[in-house]
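Novice: the following comprises the amino acid sequence and a computationally predicted model.
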Amino acid sequence: MAAKKLRRAKLPQELCERLSRYQITTCQDFLCLSLLELMKVTGQSYRNVQKLLCQVSLACAPKMQTAYEMKVRRSVNPSSAFLSTTLHSLDEVLHGGVPCGSLTEITSPPGCGKTQFCILMSVLATLPVSMGGLDGAVVYIDTESAFSAERLVEIAGNRFPAYFDSDEKLFCMTRSIHLYRELTCDSVLKRIKSLEEEIISKKVKLIIIDSVASVVRKEFDTQLQGNLAERSNFLARGASLLKYLAEEFSIPATIPLLLPLEQLSCGRSELIWKFESEVLSEALGFTVEVIKERNCTPCPL
Amino acid sequence: MQRAVGSLPLGPALRARLAAAGFQTAQELLDTGPCGLSREIGISKEEALEALQVVRQECSGDAAKTAGGAGTTRKCTALELLEEEQAQGFIITFCSALDNILGGGVQLTKITEVCGAPGVGKTQLCMQLAVDVQIPECFGGVCGEAVFIDTEGSFMVDRAADIAAACVQHCRLIAEAHQEEDHQKALETFSLESILSHIYYFRCRDYIELLAQVYLLPDFLSEHSKVRLVVIDGIAFPFRHDFEDLSLRTRLLNGLAQQLIIIANDHKSAVVLTNQMTTRIGQSQSTLVPALGESWGHAATVRLIFHWDKSQRLATLYKSPSQKESTIPYTITPHGFRDVQPPAVTQNTESTEMNPRKRPRREEEK
């Protein structure tokens, strides 16, 4: 939206040419200037500049919808609102399951079962709608190389023995889970940016990123100055991209965050954990926290 | 009429030509007429006419100001302001402790900012206010509509529907208890569908869409004149990342604040913003402060900070021109934003721990 060229905002041709001489070609450049600067570059009077501002704003502004229209749209298609996790108590607390169209974060100390949960969710997403699934493909971005295909088949076979009775069905399921191994922050961000086309072409219905914290911890040593800002920048950009994808295609996105309890005792690291979590948490709809005692305790935000 | 030509809102090229031709006051321009002007300066007759129309409009506005006329001028006595303020309604929050410390509720024509850590209840309060602004006047509300500008995507329609249903139920109970006719009539139009259809929702994905929407807001509010509340949920989110040029960010935020103040005053509506918290790392410790920097702190008239105290949610009135700083507990129930039941003893905590830079208020001896 911001990168929309002024030509497409229906401004007159000579005006666009004049503005391009000042390097103002997109709506973003136009709207970031103050009124006086706009008067200078367009050479128009105050009233006209205000009219131009309204015109460009109309080209960029979002569409209005009333809350009632949103509700009607949701109620028309109720099954697509949640992806049930098949764990009844968890589904109850989450009011249906992992919500479609927003980000869900899963945090826990290591060894509690985040990756297992993600593998289960991938299986569920490929199931047909009649069985509570989303009947679609899954994009699994793995940063720790923890995904095991054998475990996937084992879970599918033991959990739904009636459905996965033939090899054919298992192959079909595994074919629709697209695994990407990304080991650096840059490549994770690039991968997320490229997801838009993949989602449409492969009919993806679930995005899993396992896990965000490990790449960030590897690359950004927070003892060094300036790294905190860069790190939060990366996290915020990734989060807003994922949110856009989740909302646009109405699919759930889950990101397990690794939270090493040992590090929390040290004063400085505690601060860092809070900082990182707070940038991401702003982007999230739900956080599920798994506690070390191997009890699953969801805390929806 | 003696206004200098350089101060008129004409295009800069035109002003330069007028100065070069020797025009000094607006009266000289009006006396010359469009044909004379176009000949002297070398512009077309249409442009000259347009320029003269602008000049005429500006000068008539000036004359009205010097004669002490009403309308565009905002001149009035403090007594008139007092009467206006007393007649004005508040938007209640359904949490009586919070309404008390705010002096009745969220005030119209003022900007209220709500800051807090993630998950503490800012969006819940915004949704509650978007429903409460629509309460009919006979039940103590302002009977208005709401604009909800969402930058984080945290508005959940089902939750808003729950809150609206609880509010309708509450009003129905009041109507049954009082059995008055206008209550019954108001209840007919106050239903779940009508509440949801009067919440106008805009989803802004980045700061350009937010800026564009705020530029268009005055026109929207003129069309929908019943709007009494504008909520921007997440003013910080689009401005916190992807901004290399911090001075541009400050300028855009200040411009935004100015426009919101104008909107709040012209359309007599309340503006509610939610802000995030950021960690300020000091020498030995870190504190949570509202995001977007010091200069943004001046934008809002009233500032509320929501925070946790172990497992109790607390709201602190951090900045207000008319009310004392205090902290109250609140809770989020399936029905929305409510008081803590049973009501806990409200603590007037020392404000030093929340804001170490403010001088602590000492209780005056009576």
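Specialist: Yep, that arrived.

Novice: can you tell me how far the residue positioned nearest the centre of chain B is from residue B:131?
Specialist: By CA atoms, centre = their mean, chain B has its centre lying nearest to residue B:271, at 2.3 Å. Distance, residue B:271 to residue B:131, by CB to CB, to the nearest Å: 17 Å. Quick note: C-beta positions are derived from backbone N, CA and C, even for glycine.

Novice: can you show me the helices along the chain?
Specialist: Assuming you mean chain A. Assignment of helices within chain A using DSSP state H yields the ranges A:13-21, A:27-31, A:35-42, A:46-60, A:67-76, A:88-93, A:114-126, A:149-159, A:167-175, A:185-202, A:212-219, A:227-249, A:261-264, A:267-281.

Novice: that's the wrong chain, I meant chain B
Specialist: For chain B, the helices defined by DSSP H occupy B:12-21, B:26-41, B:45-66, B:78-87, B:96-102, B:122-132, B:157-178, B:181-189, B:192-197, B:207-223, B:237-240, B:246-266.

Novice: nearest to residue A:241, of those helices?
Specialist: Between residue A:241 and the helices of chain B, the shortest gap by CB to CB is with helix B:237-240, which sits at 13.3 Å.

Novice: ok, what's across the strand from the closest residue to residue B:235 other than its chain neighbours?
Specialist: Leaving aside its chain neighbours, residue B:235 sits nearest to residue B:273 (4.7 Å; criterion: CB to CB, 6 or more residues apart in numbering or on different chains). Judged by DSSP bridges, the bridge partners of residue B:273 are residue B:113, residue B:232.

Novice: wait, residue B:273 sits on residue B:115?
Specialist: No - at 9.1 Å, residue B:273 does not count as touching residue B:115 under the criterion of CB atoms under 8 Å.

Novice: what stretches of the stretch 51-200 of chain A score poorly on pLDDT?
Specialist: Within the stretch 51-200 of chain A, the set of residues satisfying pLDDT under 70 comprises A:77-80.

Novice: show me what from it comes close to chain B.
Specialist: For the stretch 51-200 of chain A, the residues in contact with chain B (CB under 8 Å from any CB of the partner chain) are A:53-54, A:56-71, A:74, A:102.

Novice: report the buried members of these.
Specialist: A:53-54, A:56-57, A:59-62, A:66-68, A:70-71, A:74, A:102 (16 or more other CB atoms under 10 Å in any protein chain shown).

Novice: pull the most distant pair out of those residues.
Specialist: Within those, two members stand farthest from each other by CB to CB: A:53 and A:74, at 35.0 Å.

Novice: whatever residue of the stretch 101-250 of chain A ends up closest to chain B - nearest residue in space that isn't next to it in sequence?
Specialist: Going by CB to the nearest CB, chain B is nearest to residue A:236 of the stretch 101-250 of chain A, at 3.5 Å. Residue nearest to residue A:236 in three dimensions, not counting chain neighbours: residue B:241, with 3.5 Å by CB to CB, 6+ apart.

Novice: give me the neighbour count for that neighbour.
Specialist: By other CB atoms under 10 Å in any protein chain shown, 17 other residues sit near residue B:241.

Novice: ok, it - contacts?
Specialist: By CB atoms under 8 Å, 6 or more residues apart in numbering or on different chains, the contact list for residue B:241 reads A:232, A:233, A:236, A:237, A:240.

Novice: next: residue B:158.
Specialist: Each residue near residue B:158 by CB under 8 Å, 6+ apart is listed here: A:71, A:74.

Novice: run a quick neighbour tally on residue 122.
Specialist: Picking chain A for this. Residue A:122 has 26 neighbours, counted by other CB under 10 Å.

Novice: I was after chain B.
Specialist: Around residue B:122 there are 24 other residues, counting by other CB under 10 Å.

Novice: mind checking how far the residue nearest to it when sequence neighbours are not counted is from chain A?
Specialist: Nearest non-adjacent residue to residue B:122, counting by CB to CB, 6+ apart: residue B:274, 4.3 Å away. Distance from residue B:274 to chain A, counting by CB to the nearest CB, to the nearest Å: 10 Å.

Novice: repeat that for residue B:264.
Specialist: Going from residue B:264 to chain A by CB to the nearest CB gives 19 Å.

Novice: same thing with residue B:228?
Specialist: Following CB to the nearest CB, the distance that separates residue B:228 from chain A is 16 Å.

Novice: buried ones in stretch A:81-100?
Specialist: A:81-86, A:90-91, A:94, A:97-100.

Novice: find the closest residue to chain B in the stretch 1-150 of chain A.
Specialist: Going by CB to the nearest CB, chain B is nearest to residue A:46 of the stretch 1-150 of chain A, at 3.3 Å.

Novice: correct me, but that residue touches residue B:9?
Specialist: Yes - applying CB under 8 Å as the test, residue A:46 and residue B:9 come out as touching, 3.3 Å apart.

Novice: any shared contact partners between those two?
Specialist: With CB under 8 Å, 6+ apart, residue A:46 and residue B:9 have common neighbours A:39, B:54.

Novice: how many neighbours does residue A:131 have?
Specialist: By other CB under 10 Å, 13 other residues sit near residue A:131.
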